[in-house]
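A.B. asks: from the sequence below, what's the structure:
(one chain, ligands or ions: 2)
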Amino acid sequence: MSNPIQLYDTTLRDGTQRRGISLSVEDKLQITKLLDEFGFDYIEGGWPASNPKDTAFFKSAGRYVKHAKITAFGSTRRRGVFVDSDVNLRAILDAECPAATLFGKSSVFQATKILGLSLEENLAMVEESVQFLRNHGLEVIFDAEHFFDGCQEDLSYALDVLKAAENGGADWIVLCDTNGGSLPDQVREFVGQARNVVTVPLGIHAHNDGGLAVANSLAAVQAGVSMVQGTINGYGERCGNANLCTIWPNLVYKMKLSAGNEAMLRELTRLSRTVAEIANLIPDDSAPFVGDNAFTHKAGVHVGAVRKYPEAYEHIRPEQVGQTRRILVSELAGRSNLLYHFQNLDASSETVKELVQTVKRMEARGYQYEDAPSSMKLLVERSLGHVPVYFDVDRFHASVTHDQRTIAEATVRIVVGEDHFVEVGEGDGPVHALDAALRRALTQIYPVIEGLRLKDYKVRVLDGRDGTRALVRVWIRSEFRDETVQTVGVSRNILEASWLALLDSVNYVLWISHAVPAINEHQLRPSK
Ligand SMILES: CC(=O)SCCNC(=O)CCNC(=O)[C@H](O)C(C)(C)COP(=O)(O)OP(=O)(O)OC[C@H]1O[C@@H](n2cnc3c(N)ncnc32)[C@H](O)[C@@H]1OP(=O)(O)O
Ligand SMILES: CC(=O)C(=O)O
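C.D. replies: Ligands and ions are numbered 1, 2, ... in the order given. Sure thing, here's the model as predicted:
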């Protein structure tokens, strides 16, 4: 038995109408397989007559689905053309899909002013086109374009268009908020009007221009529609389509309606991230349910409560959508944030209170620990006396000279007990050269450092009004074995800020790899 709510995905068609997305045939097939695995009922593959990629997609798509129906999209026949000689309708038949989605105008303004049709002609185009595809054995979904705006202009005509689609034999009529400007109350009202005039099951297709695509889709479900069209991550023309990564968990967890393969909802975050990766777009950290921030807690009061009862500040459990909880340590932290990460700390001890104050002081100086957990860990473990001094820096020097080409050189002098090591490094810039010199010196004593790879380096000016003497924060991401190392340094001198972040990376790696400091009293003293 099919679910009461059918999930209809149009990422491959309306999703690709978003600026910045262009999917290859291979990308589209990969997404198709994924959507099928997640139990989506319909996958709109594209507009077969539109371009060669969409045409090619339909040749293979059927092989990638076990559950979903692939649908081919297109408009009703063109004005003055017979259905059986209309290029779009013919291309839909050639796509050899089990279903077709036809869009037609359901607004007087759109029919008369945009397409230049008489109102009767528009009704005939809708009915004949639907009938043509039905007669060829396809399931037909009729997308009533501009339906909600059409209802406001001339309700009776908008409803006549739905009747024309029903007369043509449409299996579904989908009410479209094409311009994305409707409000939930209007959607509820006009879905009710549609239900009074047609018996065909209804669907909703909402755009997000007013930021209400999800709300409007859920309002339509409450008013009786049983198909929801949308896209993964809300990709789509202009401000996007209704986001199925938000709608689906709301339907299942909040509205207690069956939809999709519910067991797979527990992997929803993977679906969202994989599609973002394929589309080559950065995932939205603040996206509901699937964003990195969705179960991330920063404020001390929240963390204190979440440690006792997660539901104090979480509307569902993170694992219900394939997420994990994250607790940040920052200037807004209280003791609870630290205790979450460092379970061996004594909650009532002065050390914890002092550490919270230290973090706040450091953040006031420009540090930001929420994205630099390795620096945070070092700060805490050092204050507990757990991190030995592996080496001292006697001095460092970096210079950039321009002589036909730009050359960056650095010298580093480090001291290990009685020994000292002076090394020179060259690089594309002074930070690169410093990094090279430091590694060269250290690997002689600690070969494990060779495994540390710098992957990302960012500089943020903290007080731009000071011009070139501004305070800067340098953030470094490195990789070491399977671990990501993220550290931070702050100074008015960009080289010093970089150097501090580099030193934290190196010390962190020595500490987590249990490096044994070259033995003598001096090196074994805990650092401060
Ligand atoms: C609401 C939506 O998102 S609908 C989907 C929109 N998606 C796209 O447009 C992406 C794919 N589009 C394309 O590749 C091209 O626009 C094509 C191949 C479909 C058409 O290209 P062209 O023939 O050059 O037409 P063009 O794009 O300039 O104009 C649209 C044509 O569609 C016609 N049309 C638009 N809506 C409808 C409709 N509901 N029923 C019938 N014809 C329609 C217009 O009248 C116009 O035809 P005309 O020039 O003969 O008056
Ligand atoms: C059909 C469609 O994409 C719309 O009306 O927005």
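A.B. asks: chain center to the helix ranked longest in the chain, what's the gap?
C.D. replies: Counting by DSSP state H, the longest helix found in the chain is helix 147-168. Taking Cα atoms, centre = their mean, to the nearest Å, the mean C-alpha location of helix 147-168 is offset from the chain mean by 36 Å.
A.B. asks: do the same with stretch 136-151
C.D. replies: For stretch 136-151, the distance to the chain centre is 30 Å (Cα atoms, centre = their mean).
A.B. asks: residues from this protein in reach of ligand 2?
C.D. replies: Asp14, Phe103, Asp143, Glu145, Cys176, Thr178, His205, His207 (Cβ under 6 Å from any ligand atom). (Glycine included, C-beta is placed from N, CA and C.)
A.B. asks: and those residues, which two are the farthest apart?
C.D. replies: Largest separation among those by Cβ to Cβ: Phe103 and His207, giving 13.1 Å.
A.B. asks: more neighbours: the two, which one.
C.D. replies: Taking neighbours as other Cβ atoms under 10 Å, Phe103 and His207 compare with His207 leading, 25 against 22.
A.B. asks: tell me who's in contact with the closest residue to that one other than its chain neighbours.
C.D. replies: Leaving out its chain neighbours, the residue that sits closest to His207 by Cβ to Cβ, 6 or more residues apart in numbering is Gly180, at 3.0 Å. Contact analysis of Gly180 by Cβ atoms under 8 Å, 6 or more residues apart in numbering lists Ala206, His207, Asn208, Asp209, Gly210, Leu212, Ala213, Arg238, Cys239.
A.B. asks: quick one: low-confidence parts of this structure?
C.D. replies: By pLDDT under 70, the low-scoring segments of the chain are 1-2, 518-528.
A.B. asks: ligand 1 contacts on that one?
C.D. replies: 14, 47, 49-51, 75-76, 78, 103-105, 115, 145, 178, 237.
A.B. asks: of those residues, just say which sits nearest to Asn88.
C.D. replies: Closest to Asn88, out of all of these and judged by Cβ to Cβ, is Ala49, at 4.8 Å.
A.B. asks: how much space between Leu503 and Asp41?
C.D. replies: As judged by Cβ to Cβ, to the nearest Å, Leu503 and Asp41 stand 55 Å apart.
A.B. asks: and what of Arg326?
C.D. replies: 33 Å.
A.B. asks: neighbour count: these two, which is higher?
C.D. replies: Asp41 (20 against 16).
A.B. asks: quick one, what contacts the closest residue to that one other than its chain neighbours?
C.D. replies: Counting by Cβ to Cβ, 6+ apart, the nearest residue to Asp41 once its immediate chain neighbours are dropped is Gln6, at 4.3 Å. Residues near Gln6 by Cβ under 8 Å, 6+ apart: Asp41, Tyr42, Gly203, Ser226, Met227, Val228, Ala259.
A.B. asks: in strands, which of those fall?
C.D. replies: Tyr42, Gly203, Met227, Val228 (DSSP state E).
A.B. asks: would you confirm that the second one contacts Asp171?
C.D. replies: No: Gly203 sits out of contact with Asp171 when judged by Cβ atoms under 8 Å, with a separation of 10.4 Å.
A.B. asks: so the residue of the stretch 401-528 of the chain found nearest ligand 1 is in which element?
C.D. replies: Nearest residue of the stretch 401-528 of the chain to ligand 1 (Cβ to the nearest ligand atom) works out as Asp456 at 37.0 Å. Using DSSP states H and E, Asp456 falls within strand 452-461.
A.B. asks: check which helix or strand covers Val422.
C.D. replies: In the assignment (DSSP H and E), Val422 maps to strand 419-427.
A.B. asks: run through who's touching the helix or strand following that strand.
C.D. replies: Where DSSP H and E defines the elements, the next helix or strand beyond strand 419-427 is helix 430-443. Helix 430-443 has contacts (Cβ under 8 Å, 6+ apart) with 391, 396, 398-400, 408-414, 421-427, 449-450, 452, 454, 457, 495, 498-499, 502-503, 506.
A.B. asks: from those, keep the buried residues only.
C.D. replies: Listed as buried from the contacts of helix 430-443 are 391, 396, 398, 408-414, 421, 423, 425, 427, 449, 452, 454, 457, 495, 498-499, 502-503, 506; burial here means 16 or more other Cβ atoms under 10 Å.
A.B. asks: where does Ser75 fall, phi/psi-wise?
C.D. replies: Backbone geometry at Ser75, expressed as degrees, to the nearest 10, gives phi -90, psi 170.
A.B. asks: same check, this time on the one 3 residues further on
C.D. replies: As for Arg78, its main-chain torsions (degrees, to the nearest 10) stand at phi -70, psi 160.
A.B. asks: could you do Gly417 as well?
C.D. replies: phi 60, psi -120.
A.B. asks: that one: neighbour count?
C.D. replies: For Gly417, using other Cβ under 10 Å, the count is 16.
A.B. asks: how about Glu145?
C.D. replies: Neighbour count for Glu145, taken as other Cβ under 10 Å: 26.
A.B. asks: wait, isn't it in contact with Phe109?
C.D. replies: No: if you go by Cβ under 8 Å, Glu145 and Phe109 don't touch, sitting 11.6 Å apart.
A.B. asks: mind listing what Val214 touches?
C.D. replies: Contacts for Val214 (Cβ under 8 Å, 6+ apart) come out as Ala206, Asn208, Ala242, Asn243, Thr246, Ile247, Asn250.
A.B. asks: ok, of these, which come out buried?
C.D. replies: Judged by 16+ other Cβ under 10 Å, buried ones among the contacts of Val214: Ala206, Asn208, Ala242, Asn243, Thr246, Ile247, Asn250.
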